[in-house]
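> What follows is a protein structure lacking sequence information:
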């Protein structure tokens, strides 16, 4: 990917950023957030003196998107003083490096900073390529390495990153000028070059050599011991996974909710259907970067006799309990107690005949978990075929998973918002109140499903949310809430995309105003179809899904002041809104045992940005009160006790209250947002 035209006038730091970005683009070269790169550069310090600065990737950054701020600089000569020491604790190393930083308020340097410093090369890459990790996790790794690289690569057996590893790598490399690479057992690859481009090319060449060797070695060999389980047909597979995903999501969300990704790609099916899948996964993670993303082991389920979600549900719980108990055993073995233990639930679940389910705190993290485990599969495929796969031991894994320097990365993540880890479906979300709710939810961390009969408007809202809050945070779906088939379909789409649902907001609506003698049967039926039947259909499917998850949920009806106080010349609209309100109270009664809360928000006269108020409704309401359409704003403002206009954002705040755990002990509630209309006081 190196483009000489782009790099022609770049500085050394810019070249480092460029090299890092293009290396980070290929997940088979390094994992998301993994690996690190560096460059030793002459710079001027705060006194204007020339000093050698080591620019190395900072903790908690990703090579694919890293910028200059992600490369803290340390004074190299000061760091090299540490080579004289015989030992150095992690805590002392971190404290020492903090004093060598050349930039104020810089990110903490990488865990591997000393390694980059002690290797006497100008530009260094540390990657986790599939092909190299396969060699590094092979029982015959050193012998295979010599077959591939001869005397140009050296082997370093497993040592956890830190001072000891850095010293060993520095001594090995600096004593042998023929070397072009270091292979670290159960860890990864170090390569280097005198220029940034030379380093990049050396990295790719080393990976390519390993890849070519392994491809040749795999030819004609039986992979993973051959096939044991036959895959379900694609349509059956999709139907099956929709049936079981909510069960999986609910079960692993007992402590903290997770979002899911499903993968049934050929490479995944080849592995989960194989004879050796259980044996190979029992060994553990291939390297530290895989471990911290996917855990030590996945949960491998037993093959199903029939393609039946009911059969799955009967056996799944016992298998999950066994996994959780095993993780607790692993933790207690090295910690002595369960205090401080991470969530014991799996992040990767392998289902023979079906595929892989990956979990994460959001959709992006679930995708990263999935992609990382596919890298593990690629490693297992190569290592177990050319040799015997050798993983990190439990003790080694625990030392990395609960390593203070690894745990520090968690502190760099932004704090979770009140709707983080939750999925919300909002009907009528293409404009007005629905759009305001969608953006408010997204701001608070939710993944939002934009449901609206307006296809273009819904897509625009979803695109805006993704642009502002990140990829996969929203999607749009064309929905007529009166169409039972479409309502079921959108819930299937929610399951396929996110794994389940936590919040449903019924907001879709229309309005028409006529005296009773002028109200047609068509108008009456249309109001009740959308406002009563539509709310019923969405609520029913929400209940079905939330009950399957067994982790509760929140349903919010956006109703109206007219549900509490009669609306002049609006009997169809007002009575349909009253039906919504009473439906909510009935559902609150039914949902309590399942921790499904149902509450209602009753706005009045939200004119701003409203499609309803931009239709005949504005004219009809003005006629009912004997005023001009343009006088409605002032009329409604003066009608309420606070003399306030009501806006979409005001309703969004009220809906957020009911959707979040701030109101977790409230159900069957009614919150009016009308500036104070005394005739609509709740009695």
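Cool, got the structure. What you see is a predicted model, and the numbers here were worked out from it, not measured in a lab. Numbers count the residues shown, from 1 in each chain.

> Output the below-cut-off pLDDT ranges for the stretch 51-200 of the chain.
Across the stretch 51-200 of the chain, not a single residue meets the criterion (pLDDT under 70).

> quick one: secondary structure of residue 191?
Three-state assignment for residue 191 (DSSP: H, G, I helix; E, B strand; the rest coil): strand.

> mind listing the helices for the stretch 201-350 of the chain?
Secondary structure of the stretch 201-350 of the chain (DSSP state H, counting those that start in this stretch): helices located at 234-252, 266-272, 277-283, 288-294, 309-335.

> Mind checking those for the one nearest to residue 85?
Smallest distance to residue 85 across those (Cβ to Cβ): 24.0 Å, for helix 288-294. Yep, even glycine has a C-beta here, placed from its N, CA and C like the rest.

> distance of the nearest residue to residue 221 once chain neighbours are set aside from residue 111?
Nearest-residue entry for residue 221: residue 385, 5.0 Å, with adjacent residues in sequence omitted and distances by Cβ to Cβ, 6 or more residues apart in numbering. If you measure residue 385 against residue 111 using Cβ to Cβ, to the nearest Å, the figure is 32 Å.

> repeat for residue 117
Separation of residue 117 from residue 111 (Cβ to Cβ): 13 Å.

> Give me the more crowded residue out of those two.
The neighbour comparison of residue 117 against residue 111 (other Cβ atoms under 10 Å) goes to residue 117, with 26 against 23.

> ok, then the element right after the helix or strand hosting the more buried one?
With the criterion set as DSSP states H and E, the secondary-structure element containing residue 117 is helix 113-118. The element immediately downstream of helix 113-118 (helix or strand, assigned by DSSP H and E) is strand 123-127.

> Given that next one, what are its sheet partners and their directions?
According to DSSP bridges, strand 123-127 has the following sheet partners: strand 36-44 (antiparallel), strand 188-193 (antiparallel).

> okay, those, which one's buried deepest?
Ranked by mean neighbour count under mean count of other Cβ atoms under 10 Å, the strands paired with strand 123-127 are led by strand 188-193, which reaches a mean of 24.

> Can you give the contact residues for that one?
When contacts are defined by Cβ atoms under 8 Å, 6 or more residues apart in numbering, strand 188-193 is touched by residues 35, 115, 119, 121-129, 132-133, 136, 169, 173, 180-184, 199-203, 206-207, 287, 289.

> what about burial for those residues, which qualify?
Neighbour counting by 16 or more other Cβ atoms under 10 Å classes 35, 115, 119, 121-129, 132-133, 136, 169, 173, 180-184, 199-200, 202-203, 206-207, 287, 289 among these as buried.

> farthest residue from the center of the protein?
residue 517 (55.0 Å; Cα atoms, centre = their mean).

> and it, how far is that from residue 571?
Using Cβ to Cβ, one obtains 10 Å as the distance from residue 517 to residue 571.

> Spatially nearest residue to residue 461 (excluding sequence neighbours)?
With sequence-adjacent residues excluded and distances taken as Cβ to Cβ, 6+ apart, residue 461 is closest to residue 450, at 5.0 Å.

> Tell me, please, the helix or strand in this structure that averages the lowest pLDDT.
Of all the helices and strands that make up the chain, helix 616-625 has the lowest average by mean pLDDT, DSSP states H and E, namely a mean of 69.

> after it, next one along is what?
Where DSSP H and E defines the elements, the next helix or strand beyond helix 616-625 is helix 632-639.

> Would you mark the buried spots in that following helix?
By neighbour count, and taking 16+ other Cβ under 10 Å as the criterion, the buried residues in helix 632-639 are 632, 636-637, 639.

> ok, these vs residue 309, which is closest?
Among the buried residues of helix 632-639, residue 636 lies closest to residue 309 (Cβ to Cβ), at 50.7 Å.

> distance of the closest one from residue 644?
Counting by Cβ to Cβ, the gap from residue 636 to residue 644 is 10 Å.

> Can you classify residue 524 as helix, strand or coil?
helix.

> How about it: what's its closest non-neighbour residue?
Nearest residue to residue 524 in three dimensions, chain neighbours excluded: residue 572, at 4.8 Å (Cβ to Cβ, 6+ apart).

> Can you check the pLDDT for that neighbour?
Among the per-residue scores, residue 572 shows a pLDDT of 91.

> so it is in which element?
Assessed by DSSP H and E, residue 572 sits inside helix 571-591.

> helices or strands up against that helix?
Using 3 or more Cβ pairs under 8 Å, 6 or more residues apart in numbering; DSSP states H and E as the contact definition, the elements that helix 571-591 packs against are helix 521-528, helix 534-549, strand 553-558, strand 596-603.

> Make JSON lines out of those and add mean neighbour count and distance to residue 665.
JSON lines is the format used below for the helices and strands packed on helix 571-591 (neighbours: other Cβ atoms under 10 Å; distance: least, Cβ to Cβ, whole Å):
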{"stretch": "helix 521-528", "mean neighbour count": "15", "distance to residue 665": "33"}
{"stretch": "helix 534-549", "mean neighbour count": "21", "distance to residue 665": "18"}
{"stretch": "strand 553-558", "mean neighbour count": "27", "distance to residue 665": "12"}
{"stretch": "strand 596-603", "mean neighbour count": "26", "distance to residue 665": "9"}
